[in-house]
Structures are given as structure tokens and as C-alpha cells.
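>>> Provided below for reference: sequence and predicted model.
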Amino acid sequence: MVKKFTRTMMTSGAIAASVLLAANAVSAGEWRGWNIHVEEYPVSHGMEAFIAEVTEKTDGALSGKVYHGGVLGSQPDAIEQVRLGALDFGVFSLGPMGQAVPETNVVSLPFIFKSVPDMYRLMDGEAGEAVSAGLAAKGIIALGYYDAGARSFYNSKNPINTPDDVKGLKVRVMNNDLFVGMVESMGGNATPMAFAEVYQSLKTGVVDGAENNPPSYESTNHYEVASFYSLSQHLIIPECLCMSKKTWDGLTADQQEVVREAGRKSTALQRELWQAREAASMKTVLDAGVVVNEIEDKSAFQAAMTPVYAQFLEANPELSDLVDLFKAN
């Protein structure tokens, strides 16, 4: 009995020691970061710069590793793990975050941003702070809003300069009622479809067009079968460099300021890298003979979205003030 009791105590002691070591490792800042993108991508470089800055400025007291390519799970799972503190930080598209954080749904409204610089200004200001407050209430601290590009229309028929130019076009959209309503409000025929099917569908005429950001338009070779690219920039959905509130709350005030500053620097770097990537993609498609047109005045498009916004606000009346905040600035 004595030997059995001794073995039990030793086992319990080993478990307790392991728990203590694990707790010390967490408190020492051995963070894990989630990323869906491959290593050679603007988001990935931004995240690596973030953790490097934190490590340097804290003399190694805080450090961690970014796990690229979604190896730590899907985005919905990773968001929940960040909320629970099982993951320390990550970069998430605000589009799919709406189920966990309702405030993030607002940035998925068509034409809520007039341009990419407008997105920067709003997300770095009062509107972004309101979204960040919604995230914090759900256990997520926003450290910066990355650039994920602006989605614009492309098709095989004609340039799009006004909403009337969309009439009659069969346009592939993501499977989301907001985006279906966006195309239908301009008289187009919205066609939800898997992204992998778009190239062949454009080539065979199943759809006349689709919409995406320049790197996606270029890298998928969609420009080969849809040679009119109209810079409507109707969807500009940022990504969030986020930290678990549980991890954040375990930091000292000085450490929190270091992390905040690292987030700001990381965001500036990522945006710069994304813009360079977009410029390279635009050069490729222009060199291939694609007809690219700017849309300087988007007011007609925004006016056409009235029923889309009305339907959204009917379903989400609690977000009315936040929508007004974005539209007023």
C-alpha cells in the first residue's frame, strides 16, 4: 500500500509539474499563430514580421511561431480556439467572422467602402474601433486590419461603368445572399458557383462574368476568358490580425504596448506588400490585352444597393448605428 501510494503521489507530482511547466511556457510567451495562407504571401510576411518585432522588443520574453497553410485547422475552428485561448493569435478574414462577431458583417456590405484607401481610413478610425469593440466582447483583440484586396467585376461582354451595364449579365458570385442581392439589384443574374468551376464556366458561356481581386483574377487565368475588368471595388473585406483576449490579459501594460506597436507596423508592411502584389497582377493582365476601366464615381452603384441594405438591416436591426457610422465617414 505504501509503495502504491508513493507511486500515485509521484505520478500526481509529475502531472502537476507538467501543468506548471506548460503554464510557465504560456506565460513566457511561446505563442502559436494561425494562418490560412502559404508562406510566400503578404499576410504571411506581415505575421512573421509581427512576431519577430514582439520577440525583439521584449528581449525574447515573448515569442512564438506562425503556422501557415491552415495546418492548425479551418478558419471557424481557429477563431473559436483564439476566443478560448488555445491559439494566441491569427489573421482572419472578417467576411466569415460574422457568425461569431455580428459587427464584422457590416464590412461585407457591397460598396460600404468607396475605395481601398477609404477602407484604411475607416478601419483605422472610429468605425474600425467599433468593430474592434465587437471583437473584444467575443474574446478577440484586433491589432490591425490587413488588406485583402478589392473585388471587382470582370466579364466577356462589355466594360461596366454604371449599374445598367450589369443588366442581363450572368455573374458568378460567392454563395451568400448579400452578394446574390447585389447583382440582382443591378439587373444581373447572380449565379452562385464553386470557385474551381469558374474558369470553365466563363470559357463555355455558362456565366458571362465573375468578380474578384486582381491577384485572384490573374493567378487563375480568368483574364484569358473574361477580358473586360471593371474596377468597381464593390467588396473590400479586410482581414484582422487578432490576438486571444486571454493571452492579451496575461500581458503587462508595457508588453501590451509593444504588441500594439508591432501590430501597427505589421499592418503597414502587409498593406505595402499587398499593393505591390496587386500592381504586379495588373501589369500581367494589361500586358495580355485586358480592357481595364476605372469607375471614378460609385454613387450610382451605392444607390442601387438600397434594397440590399434594407434587407440586411431588417435582419440585423442592432447593426443600424454601425452601418450609419461607416456611411457617414
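Happy to help now that I have it.

>>> Can you show me the strands along this structure?
30-34, 63-67, 89-93, 140-146, 151-155, 170-173, 189-192, 209-212, 228-235, 239-244, 291-294 (DSSP state E).

>>> and Val67, what does it touch?
Not Val; residue 67 is Tyr. Residues touching Tyr67, when contacts are defined by CB atoms under 8 Å, 6 or more residues apart in numbering, comprise 32-35. For glycine as for every other residue, the C-beta is placed from the backbone atoms N, C-alpha and C.

>>> What's the separation between it and Gly33?
Using CB to CB, to the nearest Å, one obtains 7 Å as the distance from Tyr67 to Gly33.

>>> Of the contacts of Tyr67, just say which sits nearest to Arg260.
Proximity of the contacts of Tyr67 to Arg260 (CB to CB) peaks at Gly33, which lies at 16.3 Å.

>>> who's in contact with the closest residue to the closest one other than its chain neighbours?
The spatially closest residue to Gly33, leaving aside those adjacent along the chain, is Val66, at 4.2 Å (CB to CB, 6 or more residues apart in numbering). Contacts for Val66 (CB under 8 Å, 6+ apart) come out as 33, 35, 44, 47-48, 51.

>>> repeat that with 7 Å
With contact set as CB atoms under 7 Å, 6 or more residues apart in numbering, Val66 has these partners: 33, 35, 47-48, 51.

>>> Would you format the residues you listed as JSON lines with neighbour count included?
Converted to JSON lines, those look like this (neighbours: other CB atoms under 10 Å):
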{"residue": "Gly33", "neighbour count": "24"}
{"residue": "Asn35", "neighbour count": "24"}
{"residue": "Met47", "neighbour count": "27"}
{"residue": "Glu48", "neighbour count": "18"}
{"residue": "Ile51", "neighbour count": "21"}
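
>>> For these, name the two members farthest from one another.
The span of the contacts of Val66, defined through CB to CB, is set by Asn35 and Ile51 at 10.9 Å.

>>> what about Lys157, how many residues close to it?
Using other CB atoms under 10 Å as the criterion, Lys157 is surrounded by 14 other residues.

>>> Can you pull the poorly scored residue ranges out of this protein?
In the predicted model, the chain carries pLDDT under 70 at residues 1-29.

>>> all helices for it, in order.
In the chain, the helices defined using DSSP state H lie at 2-27, 42-57, 75-84, 116-123, 126-137, 177-184, 198-204, 214-219, 245-249, 253-287, 299-304, 306-315, 320-328.

>>> Out of these, the one nearest Val106 is which?
When the helices of the chain are compared by CB to CB, helix 320-328 sits nearest Val106, at 5.3 Å.

>>> which strands and helices sit next to the closest one?
In this structure, helix 320-328 makes packing contacts with helix 126-137, judged by 3 or more CB pairs under 7 Å, 6 or more residues apart in numbering; DSSP states H and E.

>>> So which residues make contact with the helix it packs on?
Judged by CB under 7 Å, 6+ apart, the contacts made with helix 126-137 from elsewhere in the structure are 101-104, 122, 142, 145, 242, 245, 322, 325-326, 329.

>>> buried residues in it?
By 16 or more other CB atoms under 10 Å, the buried positions in helix 126-137 come out as 127-128, 130-132, 134-135.

>>> Could you do stretch 103-118 as well?
103-114, 116.

>>> tell me the contacts of the closest residue in space to Thr306 that isn't next to it in sequence?
If the residues on either side of it in the chain are set aside, Thr306 comes closest to Ser185, at 7.7 Å by CB to CB, 6+ apart. Neighbour list for Ser185: 304-305, 307-308 [criterion: CB under 7 Å, 6+ apart].

>>> just to revisit the earlier point, gap between the residue nearest to Gly33 and Ser266?
When CB to CB is applied, the distance between Val66 and Ser266 equals 11 Å.

>>> Give the intersection of the neighbour lists for those two.
Met47.

>>> Show me which residues of stretch 52-69 are buried.
Residues of stretch 52-69 classed as buried: 53-55, 57-58, 62, 64, 66-68 (neighbour count, 16+ other CB under 10 Å).

>>> Near the residue nearest to Thr162 when sequence neighbours are not counted, how many residues? Count them for me, please.
The shortest distance from Thr162 to any non-neighbouring residue, by CB to CB, 6+ apart, is to Ala300 (5.5 Å). Residues within reach of Ala300, counting by other CB under 10 Å, total 13.

>>> Likewise for Ser219?
Look at Ser219: counted by other CB under 10 Å, it has 13 neighbours.

>>> ok, now the one 5 residues further on?
Close neighbours of Glu224, defined as other CB under 10 Å, add up to 13.

>>> What distance do you get for it to Glu296?
Going from Glu224 to Glu296 by CB to CB gives 28 Å.
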